[in-house]
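> next one to model:
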Amino acid sequence: MTDDAAQNQPTPKPKPVPRPPAGAGAPSPAKLAGTKTAAPAPVPPQDRSAEIAEAVSFGRVAEDSTVYVRTDAGERPVGQYPDATAEQALEYFARKYLEVVDAAALLQERLTAGASGDSIRASAVSQREALGEAKAVGDLSAVEAKLREIEGSAAERAAEQAKEREAAKSAGLAARTAVVEEAEAIAATDPARMQWKQSGARLNDLFGEWKQIQSTSPRLPRSQDQELWGRFSKARNIFDKRRREFFSDLDKRNAEGKRIKEELVTEAEALSESTDWRGTSQKYRELMDRWKAAPRAGRREDDALWARFRAAQDVFFAARNHANDAIDAEYSENLAAKEELLKRAQALLPVTDIQATKDKLRAIQDEWEAAGKVPRADVSRMEGGLRAVERALAEAEAAEWDRTNPETRARTSGALAQLEDAIAELESKLAAAQAGGNAAAIEKAQAALDARRAWYEQLSKTAAELS
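Numbers count the residues shown, from 1 in each chain. The predicted model follows:
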């Protein structure tokens, strides 16, 4: 109640002024943090009589009922409380003082709870400047000192909070920049090497991260925020554009691949009934090369077309194999005849009488040609066996021819050494073939070894004669 207002009031019977509880009006830390809390339970009135008694000691009541407060600057009037005793008037204005004290305490609580240092400092300055006209009785100098202390603490807190805001802003900038740079790296990936599904999912995750950063980090300067968002949005747009272009091109390539492979399948199916085994086999090899060079169709269509292509080949090659099996069965009697002829030819080794061996081998060769073809699997073995005997005879002839050559003596010892090396190598090959169980390799190595041994024996005889 002000001085003028108190003088205009009718004379009432003084009523006790309600005593506010300690910290009345001060919000809780949870409320200061912006959270909703349940209504507090009623707090029983606090006995503040000692504080009132101390505050009263800083005031007096004049004869005209004017109440004065004593300050460091001297006394000043604070108002009147008419039709009341001096004690009641002083107590009234002492309770006003407690409101000032509680307001300062509330500032301290808010500062402790983490409120804005700048806001608390401004409120403390405002309260301190209002103390000069406060209608209250009490130790106003102590309140002023407390408010100045709060101002200093609030200024320090404001400086700390400014640093924290700058650090948080820097962290937010770094986080946004990392999101943008990763998005740009994805957008810059070669479309031919892009994993579109995984990359698209990652860009969606980055967009979620961007929104999370925006909601939890301090706002950046508008120009900086727009620049980063522009880069991020551009990267996403580039990715989306390239994805559309890639799959559009892929659809075109798939359509072209389908067209080409359908033509190849048609050609393959047309050849499946051919009995031109050699020519058609070559054509199928060419079709396979063209298939490999053709673009892929869609996965499902490509698999279906490949199944048809292979099926056509299988029909042809199954028929060819059946025909070859029939031919091989027909040639089995020829094989038996040539097996006997090969044994007779190999029995001519080592060559002791060149002319007699030539006559006998020529007769065997004539019978060999007359015997006809053998199954394909035995052609190499049989022809190789006969060639080995022919080479042994040729080598024996060459040795005999060279025997009378003046240079023969000089070369004989070297040829024997070379043959010894060759025989040793062929023995190793034969052992390896026997260990591997490869019948064809065994026969081939054995034939070559027999020929070298025969030649070695012939050269050894020649060397003995020359010596």
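> any idea which helix is longest in the protein?
In terms of residue count, the longest helix belonging to the chain (DSSP state H) is helix 222-271.
> what's it packed up against?
Here helix 222-271 touches helix 140-187, helix 196-216, helix 277-293, helix 299-346, going by 3 or more C-beta pairs under 8 Å, 6 or more residues apart in numbering; DSSP states H and E. Where C-beta positions appear, they are placed from N, C-alpha and C, glycine not excepted.
> reformat those helices as a markdown table; add mean neighbour count.
What follows is the helices and strands packed on helix 222-271, written out as a markdown table (neighbours: other C-beta atoms under 10 Å):
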| stretch | mean neighbour count |
| --- | --- |
| helix 140-187 | 16 |
| helix 196-216 | 14 |
| helix 277-293 | 13 |
| helix 299-346 | 15 |
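> could you dump those helices into CSV and include mean pLDDT and distance to S123?
Shown next, in CSV, are the helices and strands packed on helix 222-271 (pLDDT from 0 to 100; distance: least, C-beta to C-beta, whole Å):
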stretch, mean pLDDT, distance to S123
helix 140-187, 91, 8
helix 196-216, 92, 28
helix 277-293, 89, 82
helix 299-346, 85, 71
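> as TSV, those helices with distance to R128 would be great.
What follows is those, written out as TSV (distance: least, C-beta to C-beta, whole Å):
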stretch	distance to R128
helix 140-187	4
helix 196-216	36
helix 277-293	90
helix 299-346	79
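> count the neighbours of G138 for me.
G138 is flanked by 27 other residues according to other C-beta atoms under 10 Å.
> and it, which of the three is it?
Classification of G138 by DSSP: H, G, I helix; E, B strand; the rest coil places it in coil.
> show me the contacts for it.
54-55, 58-59, 69, 94, 97-98, 100-101 (C-beta atoms under 8 Å, 6 or more residues apart in numbering).
> among those, which ones are in strands?
Applying DSSP state E to the contacts of G138, the entries found in strands are 59, 69.
> adding neighbour count, write the contacts of G138 out as TSV.
Below are these laid out as TSV (neighbours: other C-beta under 10 Å):
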residue	neighbour count
E54	13
A55	26
F58	22
G59	22
V69	25
A94	25
Y97	26
L98	20
V100	21
V101	19
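> that older thread, ok, which of the helices and strands packed on helix 222-271 comes nearest D47?
Among those, the nearest to D47 by C-beta to C-beta is helix 140-187 (20.7 Å).
> outline the domain layout of this structure.
Following automatic domain parsing, one finds the domains of the chain at 3-33+45-158, 165-243, 252-324, 347-466.
> hang on, the earlier thing: mind giving me a markdown table with the contacts of G138 and columns for pLDDT?
Below are these laid out as a markdown table (pLDDT from 0 to 100):
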| residue | pLDDT |
| --- | --- |
| E54 | 93 |
| A55 | 92 |
| F58 | 94 |
| G59 | 94 |
| V69 | 94 |
| A94 | 93 |
| Y97 | 94 |
| L98 | 94 |
| V100 | 94 |
| V101 | 94 |
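> of the domains of the chain, which is nearest L335?
Each of the domains of the chain has some distance to L335 by C-beta to C-beta; the shortest is domain 347-466, at 4.3 Å.
> run the chain-centre distance for the longest helix of the chain.
Relative to its parent chain, helix 222-271 has a centroid offset of 22 Å by C-alpha atoms, centre = their mean, to the nearest Å.
> again with stretch 307-324
Distance, centroid of stretch 307-324 to centroid of chain: 45 Å (C-alpha atoms, centre = their mean).
> same question, stretch 214-227
Its chain's C-alpha centre and that of stretch 214-227 lie 29 Å apart, by C-alpha atoms, centre = their mean.
> got the domains of the chain as a markdown table, with distance to E339 columns?
Compiled in a markdown table, the domains of the chain are given as follows (distance: least, C-beta to C-beta, whole Å):
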| stretch | distance to E339 |
| --- | --- |
| domain 3-33+45-158 | 102 |
| domain 165-243 | 60 |
| domain 252-324 | 21 |
| domain 347-466 | 8 |
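> how about those, which one is nearest Y331?
Short answer: domain 347-466, nearest of the domains of the chain by C-beta to C-beta, at 5.0 Å.
> relative to D205, how far out is the residue nearest to the spatial centre of the chain?
In the chain, the C-alpha nearest the mean C-alpha coordinate belongs to Q198, at 8.8 Å (C-alpha atoms, centre = their mean). The gap separating Q198 from D205 is 11 Å, by C-beta to C-beta, to the nearest Å.
> surely V67 is in contact with G79?
Yes: V67 sits in contact with G79 when judged by C-beta atoms under 8 Å, with a separation of 5.8 Å.
> now for the two: what residues contact both?
Common contacts of V67 and G79, defined by C-beta under 8 Å, 6+ apart, comprise F93.
> torsion angles phi and psi at the closest residue to S141 other than its chain neighbours?
Of all residues not flanking S141 in the chain, D72 sits nearest, at 5.0 Å (C-beta to C-beta, 6 or more residues apart in numbering). Torsion angles at D72 (phi, psi; degrees, to the nearest 10) stand at phi -60, psi -30.
> just E75 next, same as before
Torsion angles, degrees, to the nearest 10, at E75: phi -80, psi 150.
> residues near K258, how many?
19.
> what do you get for R242?
Residues within reach of R242, counting by other C-beta under 10 Å, total 17.
> pull the contacting residues for it.
Contacts of R242 by C-beta under 8 Å, 6+ apart are 187, 191, 194.
> show the pLDDT at it.
Note for R242: predicted pLDDT of 91.
> could you do R121 as well?
The predicted local confidence for R121 is 93.
> what's the answer for V351, then?
On pLDDT, V351 comes in at 86.
> on the three-state scheme, it is what?
Per three-state DSSP, the local secondary structure of V351 is coil.
> how about it, what does it touch?
By C-beta under 8 Å, 6+ apart, V351 lies in contact with 357, 392-393, 396, 454, 458.
> nearest residue to I442 other than its sequence neighbours?
Among residues not flanking I442 along the chain, A433 sits closest, at 4.5 Å (C-beta to C-beta, 6+ apart).
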